Structures are given as C-alpha cells and as structure tokens.
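Dropping a prediction and its sequence here:
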Amino acid sequence: MHSRIVFLAALCLAPVCFAAPDGEALYKQHCATCHDGPAQPRMPPRSELANRAPESIYRALSEGAMKIQAAALSPDEDRAIASFLTGKAFATAPTATAGACKGTPAPVRVSEAGGWNGWGNDLANTRYQPNPGLTAADIPNLKLKWAFAFAGDTARSAQPAVVGGRVFVGSASGSIYSLDAATGCTWWKYDAGTTVRTAVSVGQAGGKTLAWFGDTKSTVHALDANTGQLLWKLKVEEHPASRITGAPTFHNGRLYVPVSSVEEAFAMQPTYECCKFRGSVVALDAATGKQIWKSYSVLDPPTAIGKNDKGTQLWGPAGGAIWSAPTIDVKKNALYAGTGNSYTGSSFNTSDAIMAFDLDTGKLLWSSQVQSKDNFTMGCGRGANCPPDPGPDFDFGTSPILRELPGGKRVLLCGQKSGIMWGLDPDDRGKILWQAKVGQGSALGGIEWGSTADLQNVYVPISDLLKRGEGKPGGLHAINIATGEKLWTAAPPELHCTAGAKGCTGAQSAAISSIPGVVFSGSVDGHFRAYAARTGAIIWDYDTVHDYETVNGVPGKGGSLDSAGPVIANGMVFTNSGYGMWQGLPGNVLLAFSK
C-alpha cells in the first residue's frame, strides 16, 4: 500500500499534474473577441493592455470591470492571462520601504491654512486655492522638488491631499501613504487590500484626527491621520459592480460617500442579468462609521423587464452612478451630487442630473435632469444587453461647483461629458440659468473629470479624447459664472509626438485647479501647464514624460495626466503623472514642484 502511494505521488509530480495555466489560450478563449477586435470606445485594445503591469490586469479580472467575464477563471488563470498579456513577471513582496522619514513627526493640524483637503479643497468643490503661498509671478520659476513612485501602478487616479505638512495619497495597489510634503519621505503606509482611486479627506472626529477614503470594493476606511492605524472600515454597497471613485466629503461630524459602479462593463456578458445597480450617497458618523442614511439616485428598485436574445433575465431601472465628491451647501443644509447615465431601457428622470439631498435626513429635495433617456452600457458595442435606442453616455463625472454671484444670488456650475457647462440655480430647484457648449462631447468627454472656479469665472478643460477625426481634442475655456459668456479659449498646444502614437493627443481629460491669476491643467500627452487666468496664455510648461529618480527608491516614470487634478498647497504644486488607459501613456509618479 505504501509503495502504491509513493508511485501515485511520483506521477503527480509530473508536469501534467502541476502544469501552469496557458495564459495565451485563456486569453484567446475569454478576452480576444473584445480586445483583438475593431477599436471601440472605452474598450482598451491588446496593445494598451500590454503596457500595463500584470497586477493591474489581475485586479481588473479578479475585482474590477472584467470580474463577470472572468467569473469562471481561477486566480491562477487570472494571473496567467495577466502575465501573457504584459510579458512581465508579478512583483515580489517588497522589503522595508526606502525613503522613510526620520524622527518624530509633528501632529497633523487640520486647521492650518494653505493646505488642500479632499477633492475640491473646500465644501463647494471649487478646486480653487485662495492662499497658495505662490503668486502668478512665481509660476514660471517652478522646479521639480521631489518625485515619489508607486510600485506596480500604471494609472495614477488617486489625487493627493495636503494637510498639516503631510501628503496623503492612495494607489492602484491599495497602499495609502502619508508623506512629508517638503521632502517626500514616508511617515507611514497602510494597505487597503484593493485599488484606491479617491482623494483622502482629513478632519477631526471623536477627539482624533482621521483620514477617510474609499476603495473599489465600496469600502470606506478611517485611519488615524497621525499613525495610519485603522480605526474603522465599512462596506457601504453590496452590489458586486459597485465602487467608490469620488472622495468622501466631511462636514460637521459626518462623512458623505458617493457610490458608483462598473456594471456597464458587466453588461458586455450576454448571460449577465443586466442591470440592478443604483447609485447612492451614504451618510456616516465620521468617528464610528455608523450609517445615518442612504439615498439612491434611482428612486425605484429594479424589477424584471423582459429577457435578452440569449434568454437572460433583464432588470431595470438601474444606473445613476455618482462618480465624484458631493458638494455641501451650508446655507441650504443640502448636498449636491451629479449622476451618470441609465443602464437599461427603463429610463428615469434622475439620470444625467444634479440631485439635491437634505444633509440631515437624506431626503430628496429636488433633481434637475439635463439629458433624458441616456440609456447605455458597454454591451452596446458588442451586441449584448444594449438598451433600445441607446443614448450617448453623457454622465456628470464632475463634482458640482457652488459659487456666489453679485447681489447674493448663487450658481451651481456643472460640467457634463456632452461638452456643456451648465449654470443651475441652487435656490430654485436647479433651474437652468445658462449653458455654454465648449466641447464636442463623447463617452470620454466633453468635460470629463473637473473644472475650477474663482470668484468671477469657471475654467473648463476639454477632453474629446474620442473625437480625433472630428477636430483636435483638448483646449481650455474661461466662462463668466454669472452669465455663461465665453471669455476666452486656449486652443490645445501643438503636439511634439508621432501622430497616432499612444498618448499623442492634447486631450485635457484630468481635473484642473486654480490660484489667483493662474489655472493649472494637465494633458494626455504628459504636459503639465499653467495658464494666465485673464488671457489663457501659457506661462509655464513641464513635460512629465521621462524617468525619475525617486525619494523612495522605486523606479519612476511619467506618462499621461488624466483623472485626478493638480493640488496647490503651501507654496508647492503637486500632480500625478501616468495613465495607461484609453490609449494614454502609463506612469507611476507623484511629482512635487516649488519655486
């Protein structure tokens, strides 16, 4: 008996028993139909996937947009596909972090002026820094002070926050860092366990200084801002496609969390029962994580609405993802959130809208829809789970900006992927005051991730990344916030790259930011620029696409600027560089500039 066991064990040491999964065969079976086929909007071709890190591909298959398509695959098979596509080995576990700070840090002081907290720097999400520690005259003298690299990242989506002399920033690998703002050294590191795309918000709650952020598994984490110790975490949405992409907004002891999803991508699978996700805002006790209220952007729960041509049950209404940080109106005790498109043929009047909720109870106060029947999924490009008469996918991916006008009136400034900047009246149920068409519009903008507003004007960057054959992508516009009058347009600068090459576009997809007299905007070709707020003239231009020696010893490379925007705090300017998606250039660095 013993000899038989030994013999069978010896047989199972043969390659047939322990053969590694064939990544190429698995790719051809499960992925090639979409990624090797004709180019389609929001569908990365194989050439783009090859430029990513294997960890990035693995996360997309195991927990991201391709989770449904890869549901039948094992973790080893996911890894095999990732290794085949990228031709790269997975990184080994890192040793001790290089670039650790020495000594004892000063306590984080939220009240210190000149920082940049959360996504928009203020409750109104203006992305305006009134006390930058720099003047417009200083900007041409900006020089790179330090660079920090994120191992395994190819797309930098998490915007930094700068509070109390610290930089708080997340990564695709799920690591959250607290860096010294002046030097870039690391005070602490926390592992969230999955990708973090949101900015970090910092505040005082329960007698402590906390740092809050969300991840792509719809979990909110609360850390001790001084030490990085986890204080609590809470999953705010159970739908498997849900995620948190917009930063939680902190106000008066509460945390307001927006919830979005990638169910549009799940819909590409003909056997997927599309669709049931509903966007939401969740109010939590900031000190404990206890849920206070949850309000949906789709008011009615989904019900069965028929079957697709494969016999799969369909549901609706669904959609209304809330992609960006909510805006707080202290005067009205209200919260404003922009919503995304509908996913099914069951249209509803709160998609592609600005919604207002009561801060105390979550009660819907009003909704102002600017685009009706925008019913769309990514299945529309594959003949699967596409609503009848699909819409253009013109989400609000940006946070509404609240500004006061002369005479005490106010305006909500809302940028849409249609390329339209809307001026809405927050005191009259979101009534349209004016609209300004500044971009062509597409599923990737139009206006993609965020504008900025000073006291007179709103500055609007244009992506139009998918409109290459219909005019130049990119450009920056200044619009009077009271009237909607276009004041100037800065055309996208001349490109110095090979036409048609990866990343060779002037699209200005990333959110932008401003200080008195200056607007900062990045572009997909990797240039980071400063514009004169009065004229639109470029006064500073830094090409981020090159290799960097980093303060933490990780090889650093710059790439496209997309998604998160620049941050200006205490005489320094910070930006991510690297966005290996949508034909962008991969990269993995956070850059810090000073005069």
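That came through fine.

Quick check, residue 351 in contact with residue 338.
No. Using CB atoms under 8 Å, residue 351 makes no contact with residue 338, being 10.7 Å away. Just so you know, the C-beta spots here come from the backbone N, C-alpha and C atoms, and that holds for glycine as well.

Low-confidence stretches in the stretch 51-200 of the chain?
The model of the stretch 51-200 of the chain has pLDDT under 70 over residues 51-53, 55-60, 62-77, 88, 90-97.

now the helices: where do they sit in it?
54-62, 75-86 (DSSP state H, counting those that start in this stretch).

Tell me the buried residues in the longest one?
In this case it means helix 75-86. Residues of helix 75-86 classed as buried: 77-86 (neighbour count, 16 or more other CB atoms under 10 Å).

Stretch 309-317 now?
314-317.

among those residues, which are in strands?
Taking DSSP state E, the ones among these that sit in strands are 314-316.

can I get those in TSV with pLDDT and distance to residue 502?
What follows is those, written out as TSV (pLDDT from 0 to 100; distance: CB to CB, whole Å):
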residue	pLDDT	distance to residue 502
314	96	37
315	97	38
316	97	37
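
what would these look like in CSV with distance to residue 197?
Formatted as CSV, these follow (distance: CB to CB, whole Å):
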residue, distance to residue 197
314, 29
315, 27
316, 27
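
between those residues, which is nearest residue 190?
residue 315 (37.1 Å; CB to CB).

give the contact list for the closest residue to the closest one other than its chain neighbours.
Nearest in space to residue 315, with sequence neighbours left out and distances taken as CB to CB, 6 or more residues apart in numbering, is residue 302 at 4.2 Å. With contact set as CB atoms under 8 Å, 6 or more residues apart in numbering, residue 302 has these partners: 275-276, 278, 315-318, 344, 346.

again, 6 Å this time
By CB atoms under 6 Å, 6 or more residues apart in numbering, the contact list for residue 302 reads 276, 315-316, 318.

Please render these as JSON lines that adds distance to residue 529 to the earlier fields.
Putting the contacts of residue 302 into JSON lines (distance: CB to CB, whole Å) gives the following:
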{"residue": "276", "distance to residue 529": "43"}
{"residue": "315", "distance to residue 529": "45"}
{"residue": "316", "distance to residue 529": "43"}
{"residue": "318", "distance to residue 529": "39"}
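
Least confident secondary structure element in this protein?
helix 2-11 (a mean of 37; mean pLDDT, DSSP states H and E).

show me where the stretch 351-500 of the chain has strands.
For the stretch 351-500 of the chain, the strands defined by DSSP state E, counting those that start in this stretch cover 353-358, 364-369, 401-404, 410-415, 420-425, 431-437, 452-453, 457-461, 476-480, 486-490.

Most tightly packed of the ones you listed?
Among the strands of the stretch 351-500 of the chain, ranked by average contacts under mean count of other CB atoms under 10 Å, first place goes to strand 457-461 (a mean of 28).

what does it contact?
413, 421, 438, 451-452, 476-479, 481, 508, 512, 519, 521.

What distance do you get for the nearest residue to residue 208 once chain neighbours are set aside to residue 254?
Of all residues not flanking residue 208 in the chain, residue 224 sits nearest, at 6.2 Å (CB to CB, 6+ apart). Look at residue 224 and residue 254: by CB to CB, to the nearest Å, they are 19 Å apart.

Looking at stretch 433-445 now, give me its mean pLDDT.
For stretch 433-445, the per-residue pLDDT values average out at 95.

For it, what is the distance to the chain centroid?
19 Å (CA atoms, centre = their mean, to the nearest Å).

before we move on, what about stretch 389-397?
18 Å.

Outside of that stretch itself, list whatever touches it.
By CB under 6 Å, 6+ apart, stretch 389-397 touches 323, 338, 340-341, 352, 371, 373-376, 380, 416-418, 443, 448-449.

Apply 8 Å and report the result again.
With CB under 8 Å, 6+ apart as the criterion, stretch 389-397 contacts 321, 323-324, 338-342, 352-354, 371, 373-377, 380, 414-418, 441-443, 445-449.

Among those residues, name the ones in helices.
In helices, judged by DSSP state H, none of these are found.

Surely residue 550 is in contact with residue 557?
No. Using CB under 8 Å, residue 550 is not in contact with residue 557, being 9.9 Å away.

Identify the contacts common to those two.
Common neighbours of residue 550 and residue 557 (CB under 8 Å, 6+ apart) are 149, 589.

Make CSV out of the strands of the stretch 351-500 of the chain and add distance to residue 541.
What follows is those, written out as CSV (distance: least, CB to CB, whole Å):
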stretch, distance to residue 541
strand 353-358, 34
strand 364-369, 38
strand 401-404, 26
strand 410-415, 24
strand 420-425, 25
strand 431-437, 26
strand 452-453, 18
strand 457-461, 15
strand 476-480, 13
strand 486-490, 12
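
and of these, who's closest to residue 128?
Comparison of the strands of the stretch 351-500 of the chain against residue 128 by CB to CB identifies strand 452-453 as nearest, at 5.7 Å.

Centre of the chain to the closest one, how far?
With CA atoms, centre = their mean, you get 18 Å for strand 452-453.

can you list the residues that contact it?
126-128, 401, 403, 413, 458-459, 481, 511-514, 519, 565.

Out of those, which two are the most distant from each other?
481 and 565 (18.8 Å).

Those two: who's more crowded?
residue 565 (26 against 23; other CB atoms under 10 Å).

where's that one, which helix or strand?
Using DSSP states H and E, residue 565 is not contained in any helix or strand.

Now for it: which residues touch it?
127, 159, 449-450, 452, 510-513, 520, 522, 575.

Show the buried residues in those.
Buried among these (16+ other CB under 10 Å): 127, 159, 449-450, 452, 510-513, 520, 522, 575.

closest to residue 503 among the residues you listed?
For the buried ones among the contacts of residue 565, the nearest to residue 503 is residue 522 (12.2 Å; CB to CB).

for the closest one, which residues make a bridge with it?
Using DSSP bridges, the bridge partners assigned to residue 522 are residue 528.

isn't it right next to residue 528, touching?
Yes. Judged on CB under 8 Å, residue 522 makes contact with residue 528 at a distance of 4.9 Å.

what touches both of the two?
By CB under 8 Å, 6+ apart, the residues touching both residue 522 and residue 528 are 544, 561, 566, 575, 577.

May I see those organised as a markdown table, with distance to residue 105, pLDDT and secondary structure added?
A markdown table is the format used below for the shared contacts of residue 522 and residue 528 (distance: CB to CB, whole Å; pLDDT from 0 to 100; DSSP: H, G, I helix; E, B strand; the rest coil):
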| residue | distance to residue 105 | pLDDT | secondary structure |
| --- | --- | --- | --- |
| 544 | 29 | 98 | coil |
| 561 | 30 | 98 | coil |
| 566 | 25 | 98 | coil |
| 575 | 24 | 98 | strand |
| 577 | 26 | 98 | strand |
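
which of those lies closest to residue 98?
residue 577 (20.0 Å).

Quick check: the closest residue to residue 552 other than its chain neighbours vs residue 205, distance?
Spatial nearest neighbour of residue 552, chain neighbours left out: residue 99 (3.8 Å); criterion: CB to CB, 6+ apart. Distance, residue 99 to residue 205, by CB to CB: 30 Å.

just residue 408 next, same as before
32 Å.

Tell me which of the two has more neighbours.
A direct count of neighbours by other CB under 10 Å for residue 408 and residue 205 places residue 205 higher, at 19 against 7.

Could you give the bridge partners of that one?
Bridge pairing for residue 205 - DSSP bridges - gives residue 208.
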